[in-house]
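In: Show me the folded form of this:
(2 chains)
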Amino acid sequence: MKAFSMGRKITSFALLIAGAVMLIIALALDFSGSGTSFRGPLLVIGLIALLAGLYLFPTLKYHKNIINFLFLFPLLFTFGVTVIIPLVLGIFYSMTDWTGIGYTQFVGFANYMAMFKEVSFLWSLLLTILFVLVNMIMVNLVGFALALLCTSRLKGVGFFRAAYFLPNLIGGIVLGYVWQFVFNNVLIQLTKTSLLSNSGPAFAAIIVVYVWQYAGYIMLIYVNGLVTVPGDVIEAAAIDGASSFTTLLRIRIPMIASTITICTFLTLTSAFKQFDVNMALTNGTGSISNFMGQYLTNGTQMLALNIYNTAISKNSYALGQAKAVLFFIILACVSLIQVRISNKKEVEM
Amino acid sequence: MKTKMKTSSFIIIMVLAIIVAVYTLMPFFLVVINVFKSANGIVADPIGTTGASFSQLLTNLSNVVNNTNFSFWYAFGTSALITIVSLVLLALFGGMAAWVICRNKTKWSTAIYMVFIASMIIPFQVVMLPLISTFRDVGSFVGISMLQSIPGIVFAYCGFGGAMTVFILTGMVKTVPYDLEEAASIDGCSYEGIYFRIIFPLLKPSIVTVTILNGMWIWNDYLLPSLMLGQNGRVKTLPVAVQAFVGSYVKQWDLILTAALLAMLPMIIIFLIAQKQIMSGMVEGAVK
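Out: Numbers count the residues shown, from 1 in each chain, chains lettered A, B, ... in the order given. Next up is the predicted model:
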């Protein structure tokens, strides 16, 4: 029995050998530190040749395993290089005096101690928690109200849904500048001084912009939940004499409990990571006259922006990385709580 | 009497809906009317139409498009190229990985799936600084520029978007009956052929969903390209170009708003074309 043609066998082995040779030469050039410009393409071509040779490898027994490996390889490789390696390195770097290029010594938890002694960071942390809580409530209330509006008898529902969702399409940087214009040039005619020039109003302005941007998205999810509530249940409640408000409170809201959980955590995590609008709208500026006995100039700086500025503007990479690890831990805890809550709900149902 | 009450409540709801819509669209409206004005015209009257003229719009557009700090067409092309290539690769590789993970119930595939799911909680901030240094080191080691290059950024998007793509597509693969694959296999279809001929076409609805979710995120992303490409680098995506442009023209609202309009326009046009798919895709992504 001749399962594979001679041509395929030769191609496969030729590709495998050529690929391996090219990889070895490229790696040898890499290690010897020669600056030849073709070593990069050589490596890539060698890798592709090797994978192609593997694909054509004349075997029936292992063909399935080879395909499995080839199908998983691209995503796992990119994922490993962009997520796993930096994550592990990042946690390690947060305990060294890393400068973004290299490190000289291991410092244990010194960065973490320094972080909690930095008053401006504590302010950012506090502000972020406040922002997340206010946003979670506001976005969900507004989003739910809009969803009720969009599921009631309304002419042109499609238009209104699209209009409310529209802000969500545009990136935070562009929106931030558009709103900066609105606050500084349009609303100033009502408010006299710009809302963005003082920390308190500026913080409120960020919330306004964020709710404006995000409520439409949350609305869509609530609409999706509300239309799954069966009509005969609502009809039965109406026959029993329940007012539309009672129906909402006693029937519709309990029936979309899982949607509420999804929206709550979605707003929670996204508000926590808020960066673009914060940067474009105020860039974190704003004075705080007295917080824990210090004068601060980062009155509207949220955690994500604080991490960015610590590392990029102030060039303290290790400290910024330590803050980022804390940021990660907080988010991980939030996600774990979410998983537990939604699992519990599913069991009950 | 009952119908009367219904009409009045209908009017109230309608008025409310219109007020909210006016509020939501107000910033867009302000952008649109102000790009027709000169810088002085905007400061004098930011709400009305005084000083607005069509020739001024053309002046503003040519000032922005030809500006060397913004170079709109170049930034637009870069953004489009990065987004499209990343989306195609994510759909292709994501589907392949999802199929392998779903159809091989070994401890390896389960472990890989678990790692992907768990990684979705990792915020970009915790990996961004080491990511830059890793990419710089790997790039200089193998002699391929990973920073300030389009391939490098596509590579990063494949890495970051992979988890969510696999998660959604695995859910879809599960719904495809295994009998179909067995039938194809009996008919003589090769193992990889089963994926490309049977599974991939059936995954289309979910691929649309992941493409929308990834596309919105990649097109609008600022942080990753700004770190990898640098603020004043040679290669710029649209959000990075807007940021760099605004930084160099503080308070020149005629230029800034025109740039903002140009940056918003592609997304709005796509939304008008594929409104239904985008809205349902965004919901599906969140609910799953």
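
In: CA only for contacts and neighbour counts going forward, please
Out: Noted.

In: Okay, domains of the chain per the record?
Out: Assuming you mean chain A. As assigned by automatic domain parsing, chain A contains the domains A:6-107, A:113-348.

In: nope, chain B please
Out: B:1-66+B:249-278, B:73-228.

In: Save these as JSON lines, and put in mean pLDDT and mean neighbour count too.
Out: What follows is the domains of chain B, written out as JSON lines (pLDDT from 0 to 100; neighbours: other CA atoms under 10 Å in any protein chain shown):
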{"stretch": "domain B:1-66+B:249-278", "mean pLDDT": "85", "mean neighbour count": "17"}
{"stretch": "domain B:73-228", "mean pLDDT": "90", "mean neighbour count": "19"}
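
In: CSV for these, including distance to residue B:240?
Out: Listed next are the domains of chain B as CSV, based on distance: least, CA to CA, whole Å:
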stretch, distance to residue B:240
domain B:1-66+B:249-278, 11
domain B:73-228, 6
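
In: Out of these, flag the one nearest residue A:277.
Out: domain B:73-228 (10.7 Å; CA to CA).

In: can you tell me the helix or strand for the residue of chain A found nearest chain B?
Out: Using CA to the nearest CA, the single residue of chain A nearest to chain B is residue A:79, 3.9 Å away. Using DSSP states H and E, residue A:79 sits in helix A:63-79.

In: could I get whatever helix or strand comes next after that helix in CSV with only the CA atoms?
Out: Remark: after helix A:63-79, the chain's next helix or strand is helix A:85-93, criterion DSSP H and E. Extracted in CSV, the C-alpha atoms of helix A:85-93 (Å, rounded to 0.1, in the frame of the first residue of the first chain):
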residue,chain,number,x,y,z
ILE,A,85,5.6,36.3,29.4
PRO,A,86,5.0,40.0,30.1
LEU,A,87,2.7,39.1,33.0
VAL,A,88,5.3,36.9,34.7
LEU,A,89,8.1,39.4,34.0
GLY,A,90,5.9,42.2,35.2
ILE,A,91,5.2,40.6,38.6
PHE,A,92,8.9,39.9,38.9
TYR,A,93,9.9,43.5,37.8
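
In: Spit out the contact partners of the nearest residue to residue B:119 once chain neighbours are set aside.
Out: Closest residue to residue B:119 apart from its sequence neighbours, by CA to CA, 6 or more residues apart in numbering or on different chains: residue B:163 at 7.0 Å. Applying CA atoms under 8 Å, 6 or more residues apart in numbering or on different chains, we find residue B:163 in contact with B:116, B:117, B:119, B:120.

In: Dump those residues into a markdown table; add secondary structure as well.
Out: Shown next, in a markdown table, are those (DSSP: H, G, I helix; E, B strand; the rest coil):
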| residue | secondary structure |
| --- | --- |
| B:116 | helix |
| B:117 | helix |
| B:119 | helix |
| B:120 | coil |
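
In: helices or strands next to the helix holding residue A:79 in the packing?
Out: Helices and strands touching helix A:63-79, by 3 or more CA pairs under 8 Å, 6 or more residues apart in numbering or on different chains; DSSP states H and E, are helix A:39-56, helix B:72-103, helix B:150-175, helix B:191-193.

In: Name the strands paired with the strand or helix carrying residue A:290 and say parallel or antiparallel.
Out: Assigned by DSSP H and E, residue A:290 belongs to strand A:288-291. Sheet partners assigned to strand A:288-291 using DSSP bridges are listed as strand A:294-296 (antiparallel).

In: do you know how far the residue nearest to residue B:119 is from residue A:68?
Out: Look at residue B:163 and residue A:68: by CA to CA, to the nearest Å, they are 18 Å apart.

In: returning to what we had before: and for the strand holding residue A:290, what are the contacting residues?
Out: Residues outside strand A:288-291 that contact it (CA under 8 Å, 6+ apart): A:119, A:123, A:199, A:295, A:296, A:297, A:298, A:299.

In: What about those residues, which one has the most neighbours?
Out: residue A:299 (24 neighbours; other CA atoms under 10 Å in any protein chain shown).

In: dump the residue contacts of that residue.
Out: A:123, A:124, A:199, A:284, A:285, A:286, A:287, A:288.

In: Can you flag which of those residues belong to helices?
Out: Counting by DSSP state H, the part of those found in helices is A:123, A:124, A:199.

In: got a list of what the closest residue to residue B:76 other than its chain neighbours touches?
Out: Closest residue to residue B:76 apart from its sequence neighbours, by CA to CA, 6+ apart: residue B:238 at 5.7 Å. Listed by CA under 8 Å, 6+ apart, the contact set of residue B:238 reads B:72, B:75, B:76, B:78, B:79, B:263.

In: Can you give me the pLDDT of residue B:238?
Out: At residue B:238, the model reports a pLDDT of 91.

In: what does residue A:348 give?
Out: Reading off the confidence values, residue A:348 has pLDDT 53.

In: Kindly report the same for residue A:136.
Out: Residue A:136 carries a pLDDT score of 92 in this model.

In: gap between it and residue A:339?
Out: For residue A:136, the distance to residue A:339 (CA to CA) stands at 18 Å.

In: Then residue A:85?
Out: Residue A:85 sits 26 Å away from residue A:339, going by CA to CA.

In: Going along the chain, name the helices of the stretch 101-250 of chain A.
Out: If DSSP state H, counting those that start in this stretch is used as the criterion, the helices of the stretch 101-250 of chain A fall at A:110-117, A:119-151, A:157-165, A:172-181, A:188-191, A:199-226, A:231-239, A:244-247.

In: how about residue B:129, what does it touch?
Out: Taking CA under 8 Å, 6+ apart, we find residue B:129 in contact with A:86, A:90, A:100, A:311, A:317, A:321.

In: doesn't residue B:126 make contact with the second one?
Out: Yes - the pair residue A:90 / residue B:126 is scored as a contact, 6.9 Å apart, by CA atoms under 8 Å.
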